[in-house]
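Engineer: Here is my input; please provide its structure:
(one chain, ligands or ions: 3)
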Amino acid sequence: MPGNVMHNNYALEEQGILNPGNVYWNLSTPALYEEAIRRQEGVMAAEGPLVVRTGQHTGRSPNDKFIVRESSSANEVWWGKVNYPISEHRFEALHARMLAYMQGRDVFVQDYYAGADPTYQLSIRFITETAWHSIFVRNLFIEPSRQELASFVPDFTVIALPNFHAKPEIDGTHSDVFIVLNFARKLILIGGTSYAGEIKKSIFTTLNYLLPHHRVLPMHCAANVGHSGDVALFFGLSGTGKTTLSADSKRTLIGDDEHGWSDRGIFNFEGGCYAKLIRLSKEAEPEIYQTTQRFGSILENVVINPLTRHLDLNDASITENTRGAYSIEYISNASSTGMTGHPQNIIFLTADALGVLPPIARLTNEQAMYHFLSGYTAKVAGTEKGLGHEPQAVFSACFGAPFMALHPSVYAALLGQKIEHHKVKVWLVNTGWTGGTYGVGERIPIKQTRAMLTAALSGALDEIPTKINPVFGFHVPVHCPGVSDELLTPRLTWSDPDAYDIQAHKLAEMFVENFKQFADGVAPQVLLGGPMVGKEN
Ligand SMILES: Nc1ncnc2c1ncn2[C@@H]1O[C@H](COP(=O)(O)OP(=O)(O)O)[C@@H](O)[C@H]1O
Ligand SMILES: C=C(OP(=O)(O)O)C(=O)O
Ligand SMILES: [Mn+2]
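Structural biologist: Numbers count the residues shown, from 1 in each chain. Ligands and ions are numbered 1, 2, ... in the order given. Got it, this is the predicted structure:
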């Protein structure tokens with residue numbers, strides 16, 4: 001029998017969870033390994049991690065995410081594109097069915113924190129059907145001390161039951177998958193999917209709702225700190241390089257995905273990382289690679305050899321979106337507090353599949369606002385359901401529209417104030433294609449991107465002359481240590497410069513078209529931060 005089972009489920013009873021099977025409270029990772037393996041949720045790899053499969057859903061399901069329309073939040077929530085409304089009545093019925101489903105079933109509970117800064121910390125109870133999601137929670141969030149645990153009262157509760165499926169005709173959902181957030185009831189319900197990213201991103205959405213009320217800017221970004229204490233933020237949509245580029249042997253990692261910016265500085269929302277593992281190179285990404293070789297890491301949908309149990313990080317036969325979840329302590333030069341000062345540099349990462357944008361450019365404050373609201377990248381297959389193999393140009397406000405609970409202008413206004421007040425330098429870094437579009441050109445090597453980041457963050461680029469990009473108006477450095485001059489000007493990397501010009505204008509027009517939704521709500525000078533299309537005369 002497992003050593004740590006507590007049959008006292010008093011607090012769960014208060015939350016309406018009656019007559020569950022065993023309740024496994026705050027089990028340690030080794031104990032959870034034993035449970036996960038006993039239940040055949042996953043297998044142990046030779047290198048030590050627990051390898052699980054998420055079944056049908058190997059990425060997020062953005063079309064299945066709902067926010068309950070209720071009086072306390074209805075006037076504020078950014079309804080429509082990403083936040084689908086669902087009624088209180090539907091929510092209560094779905095919740096009741098989930099409570100019924102849990103009768104007689106074992107559940108795993110972890111009481112954890114989100115938010116490294118104690119002032120803005122959220123206490124969260126994660127109730128999951130599987131042991132491996134309990135490990136995921138331990139890896140991704142912040143562990144309370146034993147003392148804190150004794151008096152732990154959850155602010156929010158997440159119930160994640162991957163094997164419970166919604167019925168759209170009964171539940172009013174779009175499919176059998178659901179992620180339903182109820183800010184008034186402080187409850188998050190997840191079902192029909194095992195993809196663990198839903199758990200972390202539902203908490204991110206919650207913090208995106210709550211924190212602007214405290215004048216804290218929540219951000220979809222990574223953060224790290226250099227030896228001289230200089231802080232850098234890396235914004236970007238999925239697959240643009242936040243996790244990869246923020247893990248840097250020369251800089252201290254604060255976090256790879258979600259941070260808050262308060263009057264005191266930057267703090268991580270999480271206590272762990274969630275890295276893409278497909279074709280991970282030991283040489284190019286040593287810090288992340290070694291986390292795949294350790295006990296405690298959770299690997300989603302990574303293929304292993306059934307005989308030797310060795311990992312094959314190159315095998316994409318289950319999905320392109322293979323993932324590793326590990327505690328930030330697994331990165332050797334990570335911060336132990338998750339907090340740091342105000343940033344000196346902000347990087348907007350984009351993976352431009354059209355091969356148009358320069359690999360690095362300095363943005364004016366107006367361009368920074370324009371590009372923050374635009375949130376351009378080319379989504380690469382995998383992280384969200386329904387994307388094929390061709391990357392496609394995407395505009396996602398604040399570099400994370402699916403997680404923005406409030407209107408993007410709320411976050412943009414806060415960012416604008418902070419950039420001005422702290423005199424932050426803002427850069428656009430294209431980690432995508434050069435020498436042509438996706439399929440023709442090549443992705444910019446990680447080593448080259450790192451060289452450009454090193455030059456920007458050290459201040460070296462401040463001394464180098466720039467050229468204005470004629471279509472987008474960016475200031476593009478003409479040289480960069482460790483990078484060929486040609487790479488800095490995408491037009492020169494294309495075999496047919498005329499084809500480049502056509503492509504660049506196409507992209508510029510897409511920016512203009514997309515920005516129409518924000519044009520009325522922003523200060524007129526922000527529009528000057530957009531591409532120069534139509535401004536020539
Ligand atoms: N120049 C580059 N910069 C950053 N990542 C790159 C680059 N070239 C290829 N990649 C790959 O792109 C992916 C970036 O993903 P990741 O860092 O997880 O993004 P995010 O955290 O923003 O979702 C990784 O698989 C990485 O190996
Ligand atoms: C986990 C995710 O984020 P990212 O790809 O930005 O790491 C996700 O979008 O599901
Ligand atoms: Mn990431």
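Engineer: how many neighbours does Glu169 have?
Structural biologist: Residues lying near Glu169 (other CB atoms under 10 Å) number 7. Quick note: C-beta positions are derived from backbone N, CA and C, even for glycine.
Engineer: Show me what the closest residue in space to Ser246 that isn't next to it in sequence bridges to in the sheet.
Structural biologist: Spatial nearest neighbour of Ser246, excluding adjacent residues (CB to CB, 6 or more residues apart in numbering): Ala222 at 3.5 Å. Judged by DSSP bridges, the bridge partners of Ala222 are Phe234.
Engineer: which ones are touching Ala412?
Structural biologist: Ala412 makes contact with 369, 372-373, 398, 522 under the criterion CB atoms under 8 Å, 6 or more residues apart in numbering.
Engineer: picking up where we left off before, relative to ligand 1, how far out is the residue nearest to Ser246?
Structural biologist: 7 Å (CB to the nearest ligand atom, to the nearest Å).
Engineer: Could you pull up the residues touching that residue?
Structural biologist: Counting by CB under 8 Å, 6+ apart, Ala222 touches 233-234, 242-243, 245-246, 253-257, 259.
Engineer: and the residue of the stretch 151-300 of the chain nearest ligand 3?
Structural biologist: For the stretch 151-300 of the chain, the residue closest to ligand 3 is Thr243, as judged by CB to the ion, at 3.4 Å.
Engineer: Which secondary structure state does that residue sit in?
Structural biologist: For Thr243, the assignment made with DSSP: H, G, I helix; E, B strand; the rest coil gives helix.
Engineer: Read off the pLDDT value for it.
Structural biologist: Listed pLDDT for Thr243 reads 98.
Engineer: And for it, the neighbour number?
Structural biologist: Residues near Thr243, counting by other CB under 10 Å, number 24.
Engineer: what's near enough to touch the nearest residue to it once chain neighbours are set aside?
Structural biologist: Once flanking residues are discounted, Thr243 sits nearest to Asp256: 4.2 Å by CB to CB, 6+ apart. If a contact means CB under 8 Å, 6+ apart, then Asp256 has 222, 242-243, 246-247, 273-275, 328 as its contacts.
Engineer: about what we covered before: contact partners for the residue of the stretch 151-300 of the chain closest to ligand 3?
Structural biologist: 222, 256-257, 273-276, 288.
Engineer: Next step: the residues you listed restricted to helices.
Structural biologist: Among those, the ones falling in helices (DSSP state H) are Ile288.
Engineer: could you flag which of the contacts of Thr243 are buried?
Structural biologist: 222, 256-257, 273-276, 288 (16 or more other CB atoms under 10 Å).
Engineer: Name the residues of the stretch 401-537 of the chain found near ligand 1, please.
Structural biologist: By CB under 6 Å from any ligand atom, the residues of the stretch 401-537 of the chain that approach ligand 1 are 431, 443-444, 446, 449.
Engineer: Okay, and which of these map to strands?
Structural biologist: Arg443 (DSSP state E).
Engineer: What is the nearest of the residues of the stretch 401-537 of the chain next to ligand 1 to Gly48?
Structural biologist: Gly48 lies nearest to Ile446 out of those, by CB to CB, at 25.4 Å.
Engineer: For this structure, which residues are neighbours of ligand 1?
Structural biologist: So far as CB under 6 Å from any ligand atom goes, the chain lies against ligand 1 at 236, 238-245, 275-276, 431, 443-444, 446, 449.
Engineer: For the nearest residue to Gly236 once chain neighbours are set aside, give the beta-bridge partners.
Structural biologist: Closest residue in space to Gly236, ignoring its immediate chain neighbours: Leu349 at 3.1 Å, by CB to CB, 6+ apart. Leu349 has the following beta-bridge partners by DSSP bridges: Val429.
Engineer: Ligand 2 contacts on the stretch 201-350 of the chain?
Structural biologist: 201, 238-239, 242-243, 257, 274.
Engineer: Quick one: the helices in the stretch 51-200 of the chain, in order.
Structural biologist: Per DSSP state H, counting those that start in this stretch, the stretch 51-200 of the chain carries helices over the ranges 88-102, 131-140, 146-150, 168-171, 197-210.
Engineer: name the helices or strands packed onto the helix or strand following the last one?
Structural biologist: Meaning helix 197-210. Once helix 197-210 ends, the next helix or strand along the chain (criterion: DSSP states H and E) is strand 217-219. For strand 217-219, the elements it packs on are helix 197-210, strand 259-262, helix 408-421, judged by 3 or more CB pairs under 8 Å, 6 or more residues apart in numbering; DSSP states H and E.
Engineer: okay, the ones you listed in CSV with distance to Glu14 next?
Structural biologist: Shown next, in CSV, are the helices and strands packed on strand 217-219 (distance: least, CB to CB, whole Å):
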stretch, distance to Glu14
helix 197-210, 21
strand 259-262, 30
helix 408-421, 34
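Engineer: Make CSV from those and add distance to ligand 3 and mean pLDDT to it.
Structural biologist: Conversion of these to CSV gives the following (distance: least, CB to the ion, whole Å; pLDDT from 0 to 100):
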stretch, distance to ligand 3, mean pLDDT
helix 197-210, 9, 98
strand 259-262, 12, 99
helix 408-421, 19, 98
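Engineer: Distance check, whichever residue of the stretch 1-150 of the chain sits closest to ligand 3 against ligand 2.
Structural biologist: Distances between the stretch 1-150 of the chain and ligand 3 by CB to the ion are smallest at Leu140, namely 11.4 Å. Distance, Leu140 to ligand 2, using CB to the nearest ligand atom: 10 Å.
Engineer: which parts of the host helix or strand of Ala456 are buried?
Structural biologist: Element membership of Ala456, judged by DSSP H and E, is helix 446-458. By 16+ other CB under 10 Å, the buried positions in helix 446-458 come out as 446, 448-457.
Engineer: Send over that helix as CSV, restricted to the C-alpha atoms.
Structural biologist: What follows is helix 446-458, C-alpha atoms only, in CSV (Å, rounded to 0.1, in the frame of the first residue of the first chain):
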residue,chain,number,x,y,z
ILE,A,446,19.7,29.0,-32.6
LYS,A,447,23.4,29.9,-32.4
GLN,A,448,22.9,32.9,-34.6
THR,A,449,19.8,34.1,-32.7
ARG,A,450,21.8,33.8,-29.5
ALA,A,451,24.6,35.8,-30.9
MET,A,452,22.2,38.6,-31.8
LEU,A,453,20.5,38.5,-28.4
THR,A,454,23.9,38.6,-26.6
ALA,A,455,24.8,41.7,-28.7
ALA,A,456,21.5,43.4,-28.0
LEU,A,457,21.5,42.7,-24.2
SER,A,458,25.1,43.6,-23.7
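Engineer: helices or strands up against the helix or strand just after that helix?
Structural biologist: For helix 446-458, the following helix or strand on the C-terminal side (DSSP H and E) is strand 466-468. Where contact means 3+ CB pairs under 8 Å, 6+ apart, strand 466-468 is packed against strand 475-477.
Engineer: For the helix or strand just after the strand it packs on, give the mean pLDDT please.
Structural biologist: Later in the chain than strand 475-477, the nearest helix or strand by DSSP H and E is helix 485-488. Averaged over helix 485-488, pLDDT sits at 96.
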